[in-house]
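J.: Sequence first, predicted coordinates after that:
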Amino acid sequence: MTMRRDVHEELRARLHEAAGGHEPDRESILARVERGMAGPAASAHRATSPPVFGWMRVAGATAAVAGVLAVGGYAVASAVKDEAAPQQQEVATSPTPTPTPSPDATSRAAVPPVDPTPTTSPERRESAPPPSGKPSASVTARPPAATEDGPLWSDGSVDPHSNDFWAQSNITIKTREELTALTVRLRVAQTGGVSDAGAWRSLPENDFTLTVNEQDGFLVYTWTLREGRKVRAGEWVFAGQFDHDRGGRDAGTDRYTVTAAAGSDRLSVGGGFAAVNHTDGADDAGGDS
């Protein structure tokens, strides 16, 4: 960039020196014009041409002198213009001032830069303890009412005819094979005022023995198939009846078990008691009333 500027300055200096040293010699120019006009050809031409052409030659010579002067002036003007050019270039290359942002831009909140490195996932909560697979100690899990083992199936339910003072728990069994041994046990939790009020089964009464007693806070009904008797394939019901304190009763802690034999197979089912729909249409989930 410095070498190029030096070349330009040297060229401008030479042009300026040449323009300043040029001085047109007006007397020589006029003498040459007069000599041309005084020649023989010029005399013959003046003799045969009207006087007006002589004045035209003088005007042409004057125009030529003016042209020489104009060329000299143009050279001087060019030198001056080239001398002022660096200043104009300096102005053109000056930095452009930063424009003032609009009110909308100044009122807009700054956007933070995007961080390519992800931080901890928002779904991950370090302070939250890991979920436990065990239920809370304050919640008692209710076993399923219906269970199945091979050809034997069972279900426990509270009879819909139960009321505020009395209840009946039903155990339904289904077997696809003949049973050579069968024991059905109903355990009614002592929730207050629970006492035996009777029992029945849909199989012949003489085929079973029945015992009722209290054990570890439960009223226990036990039906046992007598030796040598059999239970044919089909669906059968065993029911225990009992009184209890006035009001709705929760059967959530009542349980039943069924053990049986089908040929050489030993079978076992059991569970809790499902909700009851009373005759008045009320729904008591897992309880009597």
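T.: That came in fine, so what should we check first? These figures come from a predicted structure and were not determined experimentally.

J.: got a list of what the closest residue to R232 other than its chain neighbours touches?
T.: Setting aside the residues directly before and after it, R232 is nearest to E178 in space (CB to CB, 6 or more residues apart in numbering), at 5.6 Å. All C-beta atoms are positioned from the backbone trio N, CA, C, and that covers glycine. Contacts for E178 were tallied using CB atoms under 8 Å, 6 or more residues apart in numbering; they are K230, V231, R232, A233, A262.

J.: The residue nearest to the second one when sequence neighbours are not counted: neighbour count?
T.: Nearest in space to V231, with sequence neighbours left out and distances taken as CB to CB, 6+ apart, is L179 at 4.1 Å. Using other CB atoms under 10 Å, L179 has 22 other residues around it.

J.: OK, contacts around L179?
T.: Per CB under 8 Å, 6+ apart, neighbours of L179: L152, L225, K230, V231, A260, A261, A262.

J.: Low-confidence stretches in the protein?
T.: 1-7, 19-24, 37-142, 275-289 (pLDDT under 70).

J.: How is it divided into domains?
T.: In the domain annotation for the chain, the residue ranges read 2-92, 146-288 (automatic domain parsing).

J.: And the helices in the stretch 101-250 of the chain?
T.: Assigned by DSSP state H, counting those that start in this stretch, the helices in the stretch 101-250 of the chain fall at 103-107.

J.: Give me the phi and psi for L203.
T.: L203 adopts backbone torsions of phi -90, psi 160, taken as degrees, to the nearest 10.

J.: Relative to R229, how far out is it?
T.: 9 Å (CB to CB, to the nearest Å).

J.: now swap in S268 and tell me
T.: Taken as CB to CB, the span from S268 to R229 is 20 Å.

J.: again, but for N213
T.: 23 Å.

J.: Those two: who's more crowded?
T.: Each of N213 and R229 has its neighbours counted (other CB under 10 Å); R229 has more, 15 against 10.

J.: Now do the contacts for that one.
T.: Applying CB under 8 Å, 6+ apart, the residues near R229 are D207, F208.

J.: Apply 7 Å and report the result again.
T.: D207 (CB atoms under 7 Å, 6 or more residues apart in numbering).

J.: What are the phi and psi values at it?
T.: phi -90, psi 160.

J.: for D254, same thing?
T.: phi -70, psi 150.

J.: Equivalent analysis for E17, please.
T.: phi -70, psi -40.

J.: Any figure for the gap between it and S202?
T.: From E17 to S202 the distance is 139 Å (CB to CB).

J.: Could you do V258 as well?
T.: Distance from V258 to S202, by CB to CB: 14 Å.

J.: In terms of neighbours, single out the busier of these two.
T.: For V258 versus S202, the count of surrounding residues by other CB under 10 Å is larger for V258: 25 against 12.

J.: Who are the contact partners of R187?
T.: Applying CB under 7 Å, 6+ apart to R187 gives the contacts F218, V220, D254, R255, Y256.

J.: 10 Å instead, please
T.: Contacts here follow CB atoms under 10 Å, 6 or more residues apart in numbering; on that basis R187 touches 169, 215-222, 240, 253-257, 270.
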